[in-house]
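Asks: Build me a model from this:
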Amino acid sequence: HGGFAGAKPAGKGNQGAGHQAGGQFASQLHGFVAAMGHIFFHTAHTPLCDDAKCGRLKSFYYTTSRDVCKISVTALSCKSGTQYNDNGLTDPVADFQKGGALLFRLMRRYAARTDMLYLVMCGICSLISIVVLVSVGQSQLGGSNNKASVQLIASLLGIMLAIIFSTVDYRTLARAWPLHAVVAWGLVVPTLFLHNFRAGFLTIGYDAGGTSNYSWYRVGGMTFQPTELAKISFVLTLAWHLERVRGKVNRPLNLLGLLVHILLPVAAIHIQGDDGTALVFLGIGAVMLFAGGLSPWLIAGTGVAAVVGGTALLMVKPDILKGYQFKRILAVMDPTNPELADFTYQQNKGSMAIGTGGLTGQGLFNGEHIFVPNAWNDFIFSYLANALGFLGAAAVLLLLFGIAARTLRTGYRSTDALGRYICVGIFAALFLQCVINLGMNLQILPVIGVTLPFFSAGGSSVVMMYLCVGLVLSVSLHTKRTRGLAEYVD
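Replies: Next up, the predicted model:
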């Protein structure tokens, strides 16, 4: 409105007028850029209609006065008929109030454009987890709420990071693979060689459970597992790789490159001693390869060969597994063997807790709970089923199923292959961890240290799980934006 006012063209030979016009034009250009910045970034100085019935932004026009930029407002269209005069920038109190109104409006806009049901379901899982961990603390940890407090902080931090992460285009995150891959795997590599190495308050390759699993860092009193961060990077880089060879996955050289991409991280995590996480990585890679178009015959053949070859290898060379790992497998096959009592104890207690929960459970803060070792982490589902019964356990499983289903739904609705591959990878991580953890609790699978997403206590795993949620929300948010733009162009 109004355009650039007061600029006089510089006449031939009139350098003073030319300099004056040039300075005036520069001043006006500066005013225009500043005003557009206010509009685009929605700062607290953006004038808003003061009438609650209106809710529109006031209209802008730009003027210059003595080379000082100024934003003015004029009443052109107010739904309630309120009139405004040229009043320039508002005072700090008004700015704060209008900034708050604008923030609320932006939050509503974000909620309308993203998959809020997905985020809410994840939040409900975290809330149930915190309440259950308080119960575990009261009944098994001498009244300590430390586990629940860490879970609460990690969940709140994770939700905030998920919201921030979702606003970043997933394509940008995938293209930035050299950055996050170097950071993630740069943290993993030292743990391959340094075991319980102390450097001041930092311990590299920390064995958190005393099972020769050196995949942790210990910083003061806190622990962090870098493979959780590497899991996100792995999904992004493999999705990016699959998109680059889309339609050509079954060509020998392309397939070889993809297998190296998958097996190198799996081998590194195995060297760490964290075979449970290595198995999850392998499963993520296999599912993403299938989604990328790998021939079903190749998948079936590879699966059969892996089972037969793995069984033969164990028979010929049983010491390829650590002693406790082999006995854990035997404990599942023969749970009543007295020689394996030390290895069957935890799973026996877990299955007993699930079985005695009944329909409605023993209650979270009353009744007698079956003691389950490590009930706050790998076996939290057993404790939950004992406290909340069949109905509570079924509700938890429905929540996890709903999260997994909406992850796939988001991938299906994505407008490009990259978004689909990312969602499939995160679905695979979530689904595999749930299946393995539930199999451990039900005494179907051996104990391999895989946590239940959103529920098991652990700050780093919870935060990284919410970063995965942020990736899915990013695909959802930017898919809607792309579709909206395409409809507008059409």
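
Asks: sec struct for residue 203, please.
Replies: Assigned with DSSP: H, G, I helix; E, B strand; the rest coil, residue 203 falls in the strand class.

Asks: Please list all residues in contact with the closest residue to it other than its chain neighbours.
Replies: Using CB to CB, 6 or more residues apart in numbering and skipping the chain neighbours, the partner closest in space to residue 203 is residue 218 (3.9 Å). In short, each C-beta sits where N, CA and C put it, glycine included. Remark: with contacts taken as CB atoms under 8 Å, 6 or more residues apart in numbering, residue 218 is in contact with 202, 203, 206, 208, 224.

Asks: Top of these by number of neighbours, please.
Replies: residue 206 (22 neighbours; other CB atoms under 10 Å).

Asks: Now that one: phi and psi?
Replies: Dihedral angles of residue 206 (phi, psi; degrees, to the nearest 10) stand at phi -70, psi 130.

Asks: And residue 208, by the same measure?
Replies: Dihedral angles for residue 208 - degrees, to the nearest 10 - are phi -70, psi -30.

Asks: for it, what are its contacts?
Replies: Counted by CB under 8 Å, 6+ apart, residue 208 has contacts 216, 218, 223.

Asks: For residue 448, state which of those residues is nearest.
Replies: Closest approach to residue 448 among these (CB to CB): residue 216, at 15.9 Å.

Asks: Could I get the contacting residues of the closest residue to that closest one other than its chain neighbours?
Replies: Take residue 216 and drop its neighbours on the chain: the residue closest to it by CB to CB, 6+ apart is residue 206, 4.1 Å away. Counting by CB under 8 Å, 6+ apart, residue 206 touches 196, 214, 216, 217, 218, 223.

Asks: With residue 209 instead?
Replies: Contacts of residue 209 by CB under 8 Å, 6+ apart are residue 449.

Asks: Wasn't it part of a helix?
Replies: No. Counting by three-state DSSP, residue 209 falls outside a helix, being coil.

Asks: Numbering from 35 from now on, please.
Replies: Sure, I'll start counting at 35 from here, so that last one is residue 243.

Asks: now it: how far from residue 308?
Replies: 10 Å (CB to CB, to the nearest Å).

Asks: and if you look at residue 389?
Replies: 30 Å.

Asks: between the two, which one's more packed in?
Replies: Taking neighbours as other CB under 10 Å, residue 389 and residue 308 compare with residue 308 leading, 25 against 12.

Asks: which residue sits closest to the more buried one, ignoring its sequence neighbours?
Replies: residue 249 (4.2 Å).

Asks: Per-residue pLDDT of the one you found, please?
Replies: Listed pLDDT for residue 249 reads 86.

Asks: What about it, how many residues nearby?
Replies: Around residue 249 there are 26 other residues, counting by other CB under 10 Å.

Asks: quick one: it and residue 261 touch, right?
Replies: Yes. Residue 249 lies in contact with residue 261 (CB atoms under 8 Å); the separation is 5.6 Å.

Asks: Quickly list what's touching both of these two.
Replies: Common neighbours of residue 249 and residue 261 (CB under 8 Å, 6+ apart) are 222, 303, 306, 308, 311.

Asks: Show only the entries of those residues found in helices.
Replies: 222, 303, 306, 311 (DSSP state H).
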